[in-house]
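Peer 1: Sequence and predicted structure below; questions after.
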Amino acid sequence: MAAKDNVLFSDIFDIKDVDGAGRKFDKVSRINARSENYEMELTLDINNELYPLEIGEKFSLVLATSLSLTTAVGNDTTGTQESWREKVGGERTLADDYEYVMYGKVYKYDEGQGSKVSVYISYGGLLMCLEGDFRHLQNISLGENLYLLMRK
């Protein structure tokens, strides 16, 4: 199995607004963006010191269950233990291809009108809401831990 199996959502977003309702914290910005391929709406809190973003910029966003480039097949989970510790010996992860990575938990999944749904994820207090057609978010489950990966 490849890293693609870990990826639950991927798209390119165009930033429409940054801190539209004003900034509540010095190091946190709330961005609003729209995806190019799936017409998804994104509201995301980011650390603006680590990863500053501006209106009109585009970025790639990925939601993944693991940073591993390979996953276990069947019931064999040997070697699939995720760790926050730095990898050794030149070992590569999905995070190596991105500039900004967060780890969080899906805490709410709202059914909207028609085929529209909203997925809410908390990354240690930095919040995200991704809204759009359920077909693009159907693999995401309530209570699931996910990585968010971004690059410009």
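Peer 2: Cool, got the structure.

Peer 1: any idea how far the residue nearest the centre of the chain lies from E111?
Peer 2: Centroid-nearest residue in the chain: L148, 2.7 Å away (criterion: CA atoms, centre = their mean). As for L148, its distance to E111 is 22 Å (criterion: CB to CB, to the nearest Å). For the C-beta atoms, the positions are set from N, CA and C on the backbone; glycine is no exception.

Peer 1: Please state the offset of stretch 99-108 from the chain centre?
Peer 2: Distance of stretch 99-108 from the chain centroid (CA atoms, centre = their mean, to the nearest Å) equals 6 Å.

Peer 1: what is the rounded mean pLDDT of it?
Peer 2: For stretch 99-108, mean pLDDT is 97.

Peer 1: What are the buried residues along it?
Peer 2: Y100, V101, M102, G104, V106 (16 or more other CB atoms under 10 Å).

Peer 1: As CSV, the residues you listed with distance to V62 would be great.
Peer 2: Formatted as CSV, the buried residues of stretch 99-108 follow (distance: CB to CB, whole Å):
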residue, distance to V62
Y100, 11
V101, 10
M102, 11
G104, 13
V106, 15
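
Peer 1: just checking, which of those residues belong to strands?
Peer 2: Judged by DSSP state E, the buried residues of stretch 99-108 include Y100, V101, M102, G104, V106 as members of strands.

Peer 1: Looking at those, which is nearest Y51?
Peer 2: Y100 (4.2 Å; CB to CB).
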